[in-house]
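Trainee: Here is my input; please provide its structure:
(chains A and B)
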There are 2 protein chains.
Amino acid sequence: MAKFYGIGVGPGDSELVTVKASRLLENLDILYTPEAKKGSKSFALGIAEPYLKEQLEIKQRHFPMVRSNSAKEAQWQAISAEIAADVRSGKNVGFITLGDPMVYSTYSYLLALLEKDIDCQTIPGITSFSSMASELGQPLTMDEESLAVLPATAPADKIEAALELHDSIVLMKVANHLDTVLPLLEKLGLLQQTFMVSHSSTDKQQTLLGLAGITPETKLPYFTTFLVKKKIF
Amino acid sequence: MAKFYGIGVGPGDSELVTVKASRLLENLDILYTPEAKKGSKSFALGIAEPYLKEQLEIKQRHFPMVRSNSAKEAQWQAISAEIAADVRSGKNVGFITLGDPMVYSTYSYLLALLEKDIDCQTIPGITSFSSMASELGQPLTMDEESLAVLPATAPADKIEAALELHDSIVLMKVANHLDTVLPLLEKLGLLQQTFMVSHSSTDKQQTLLGLAGITPETKLPYFTTFLVKKKIF
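Mentor: As a prediction, this is how the structure comes out:
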């Protein structure tokens, strides 16, 4: 029976796709992807490419990043109606997300609109923070330790509370929010405990421990994440 | 060149192993696994089994769960010396972990002992909480939300602080600690917001929302996790 699949393609390396995701990707009839910038294909599409069949129909659409006003809401409704029609016509339809579909992905909006009408299945993916931890050889958690994951767009007092409470703290989307994050790390004496990773698991991967030379003005790649570890392994 | 591989095999479904992990598993010469209880094979080994070659040598060893005293420490030293010797003799050696090797895994201890002596590589795996979220269709995080992951063995005041601070809270290892966790969830009015999942992604998977009928005396499977969501999707 035809279905809608939300598929996590992991952090960047095509081999970090799950066996299940690779099999489902090979059997898709239609793949919806976010409109790429400047005519280049999306990063997620590049990761999935080795698994896609030649006859796959790719439908690029503009997916608004949030669903916060009625114009954007209408666009989500339109795309989900189109997906539902494709599934009802017997096509296996996919939507791919970087990392895991349940971690900071617009896929959640699609799922909310579609799950009552058509058969939906979500396939988890390796998160960027799991990938980082493996590359760095730094456990995210051991024994009784705890982990927090926050975007740098969260309120500063919430980020500060998480930095105080937990043993490992992952800060996502830091590139455009260094002016919030760096002062907090400095205030709490955690700059030397912070790993920076860009483009985890790809050949562009860069890592740095200690944030030496990073200032609020530093231009970092969009796919940059901080991992703060109270106890470096 | 021969290496030591720490490989995450994901939450339970053999198809939730990554393509990279499946390829490396197929090429292992020796696999170290924890001694199974009651003569049955370990859960992680069952997940990896479809990818293992027939000639694979399996070395079952007793891996202490913590490294907290000198007797246990000696055992870790002995196992790591044996692994290092195998790698130096040209064998590709693996150690498999449920879920992700960097999330609550004894693999971290092996890595700490081995990484200075031999070539080590860690392959991330799908965590049980990513798998749960996909199965439930419940995002772990959206927009500016935050996620915390804690074991039920953490201090109660820390669990309480995390439940107050974050939008989604994953509580691992709850089966033997319901007497700590249930009163906290009740106190904060979060019982109705809690999903319980056992054996995520396997044919034994069970899910429950609201914890009705769960008391501190309830016997739950060891692989049971709670996902507390302030805003149910």
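
Trainee: For stretch A:194-206, measure first residue to last.
Mentor: With Cα to Cα, to the nearest Å applied, stretch A:194-206 spans 14 Å between its terminal residues.

Trainee: chain center to it, what's the gap?
Mentor: Centroid separation for stretch A:194-206 versus its chain: 14 Å, with Cα atoms, centre = their mean, to the nearest Å.

Trainee: repeat for stretch A:195-207
Mentor: 14 Å.

Trainee: roughly how far apart are the residue in chain A sticking out farthest from the centre and chain B?
Mentor: Here chain A reaches farthest from its C-alpha mean at residue A:89, the gap being 30.1 Å by Cα atoms, centre = their mean. Counting by Cβ to the nearest Cβ, to the nearest Å, the gap from residue A:89 to chain B is 23 Å. Glycine gets a C-beta too; all of them are placed from N, C-alpha and C.

Trainee: Got the confidence number for that residue?
Mentor: Residue A:89 carries a pLDDT value of 97.

Trainee: dump the residue contacts of it.
Mentor: If a contact means Cβ atoms under 8 Å, 6 or more residues apart in numbering or on different chains, then residue A:89 has residue A:2 as its contacts.

Trainee: Likewise for residue A:51?
Mentor: Residue A:51 touches A:14, A:17, A:21, A:22, A:25, A:26, counting by Cβ under 8 Å, 6+ apart.

Trainee: let's go with 7 Å and repeat that
Mentor: Residues in contact with residue A:51 (Cβ atoms under 7 Å, 6 or more residues apart in numbering or on different chains) are A:17, A:22, A:25, A:26.

Trainee: after the longest helix along chain A comes which helix or strand?
Mentor: In terms of residue count, the longest helix belonging to chain A (DSSP state H) is helix A:70-88. Remark: after helix A:70-88, the chain's next helix or strand is strand A:93-97, criterion DSSP states H and E.

Trainee: Now residue A:207, what are its backbone angles?
Mentor: Main-chain torsions, residue A:207, degrees, to the nearest 10: phi -130, psi 150.

Trainee: With residue A:226 instead?
Mentor: The phi/psi pair for residue A:226 (degrees, to the nearest 10) reads phi -100, psi 140.

Trainee: neighbours of it, just the number please.
Mentor: Residues contacting residue A:226 under the criterion other Cβ atoms under 10 Å in any protein chain shown number 25.

Trainee: ok, back up a step: counting neighbours, which of the contacts of residue A:51 comes out on top?
Mentor: residue A:17 (27 neighbours).

Trainee: show me the residues around that residue that make contact.
Mentor: Residue A:17 touches A:9, A:10, A:47, A:51, B:18, B:19, counting by Cβ under 7 Å, 6+ apart.

Trainee: Stretch A:226-233 - what's its average pLDDT?
Mentor: For stretch A:226-233, the per-residue pLDDT averages 94.

Trainee: As a check, name the ranges of all strands in chain A.
Mentor: A:4-8, A:30-34, A:57-61, A:93-97, A:120-123, A:147-151, A:168-172, A:194-198, A:206-209, A:224-229 (DSSP state E).

Trainee: about what we covered before: so what touches the longest helix of chain A?
Mentor: Residues contacting helix A:70-88 (Cβ under 7 Å, 6+ apart): A:2-4, A:30, A:32, A:61-64, A:66-67, A:93, A:109-110, A:113-114, A:117-118.

Trainee: Selecting buried members of the residues you listed in ChimeraX, what would you type?
Mentor: The buried residues among these can be selected in ChimeraX (16 or more other Cβ atoms under 10 Å in any protein chain shown) with this line:
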select /A:4,30,32,63,64,67,93,109,110,113,114,118
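
Trainee: Out of the contacts of helix A:70-88, which are close to chain B?
Mentor: Counting by Cβ under 7 Å from any Cβ of the partner chain, residue A:66 from the contacts of helix A:70-88 sit close to chain B.

Trainee: Show residues contacting stretch A:143-162.
Mentor: By Cβ under 7 Å, 6+ apart, stretch A:143-162 touches A:104, A:129, A:140-141, A:166-174, A:177, A:180-181, A:184, B:66, B:141, B:144, B:146-151, B:153-154, B:158, B:162, B:165-166.

Trainee: right, I mislabeled it, should have said stretch A:202-219
Mentor: A:12-13, A:135-136, A:178-179, A:182, A:191-192, A:194-199.

Trainee: which parts of that stretch are buried?
Mentor: A:202, A:205, A:209, A:211, A:214.

Trainee: Run a quick neighbour tally on residue A:171.
Mentor: 27.

Trainee: next one: residue A:75
Mentor: That count, for residue A:75 with other Cβ under 10 Å as the rule, works out to 15.

Trainee: now the one 10 residues further on
Mentor: Residue A:85: 12 surrounding residues under other Cβ under 10 Å.

Trainee: Next, find the distance separating it from residue A:134.
Mentor: According to Cβ to Cβ, to the nearest Å, residue A:85 stands 41 Å off from residue A:134.

Trainee: Same question for residue A:109.
Mentor: 30 Å.

Trainee: Ok, residue A:93 next?
Mentor: For residue A:93 relative to residue A:134 (Cβ to Cβ), the value is 32 Å.

Trainee: sorry, back to before: could you dump the longest helix of chain A to CSV, C-alpha only?
Mentor: The C-alpha trace of helix A:70-88 is given here as CSV (Å, rounded to 0.1, in the frame of the first residue of the first chain):
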residue,chain,number,x,y,z
SER,A,70,-1.8,32.3,7.8
ALA,A,71,0.1,32.8,4.5
LYS,A,72,2.7,30.2,5.5
GLU,A,73,-0.1,28.0,6.9
ALA,A,74,-1.8,28.1,3.5
GLN,A,75,1.4,27.0,1.8
TRP,A,76,1.8,24.0,4.2
GLN,A,77,-1.8,23.1,3.5
ALA,A,78,-1.3,23.2,-0.3
ILE,A,79,1.8,21.0,-0.2
SER,A,80,0.2,18.5,2.1
ALA,A,81,-2.9,18.3,-0.1
GLU,A,82,-0.6,17.6,-3.1
ILE,A,83,1.3,14.9,-1.2
ALA,A,84,-2.0,13.3,0.0
ALA,A,85,-3.2,13.2,-3.6
ASP,A,86,0.0,11.6,-4.8
VAL,A,87,-0.2,8.9,-2.1
ARG,A,88,-3.9,8.3,-2.9
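
Trainee: Okay, angle between that helix and strand A:93-97 too, please.
Mentor: On the basis of axes from the mean of the first three to the mean of the last three Cα atoms, to 10 degrees, helix A:70-88 is oriented at 130 degrees to strand A:93-97.

Trainee: ok, residue A:43 touching residue A:97?
Mentor: No: using Cβ atoms under 7 Å, residue A:43 is not in contact with residue A:97; the gap is 10.6 Å.

Trainee: and these two? which has more neighbours close in?
Mentor: Neighbour totals were compared for residue A:43 and residue A:97, and residue A:97 leads with 24 against 18 (other Cβ under 10 Å).

Trainee: wait, doesn't that one sit right on residue A:107?
Mentor: Yes: the criterion here is Cβ under 7 Å, and residue A:97 meets it with residue A:107 at 4.9 Å.

Trainee: Give me the common contacts of these two.
Mentor: Joint contacts of residue A:97 and residue A:107 (Cβ under 7 Å, 6+ apart) are residue A:6.

Trainee: so residue A:140 makes contact with residue A:132?
Mentor: No: using Cβ under 7 Å, residue A:140 is not in contact with residue A:132; the gap is 8.8 Å.
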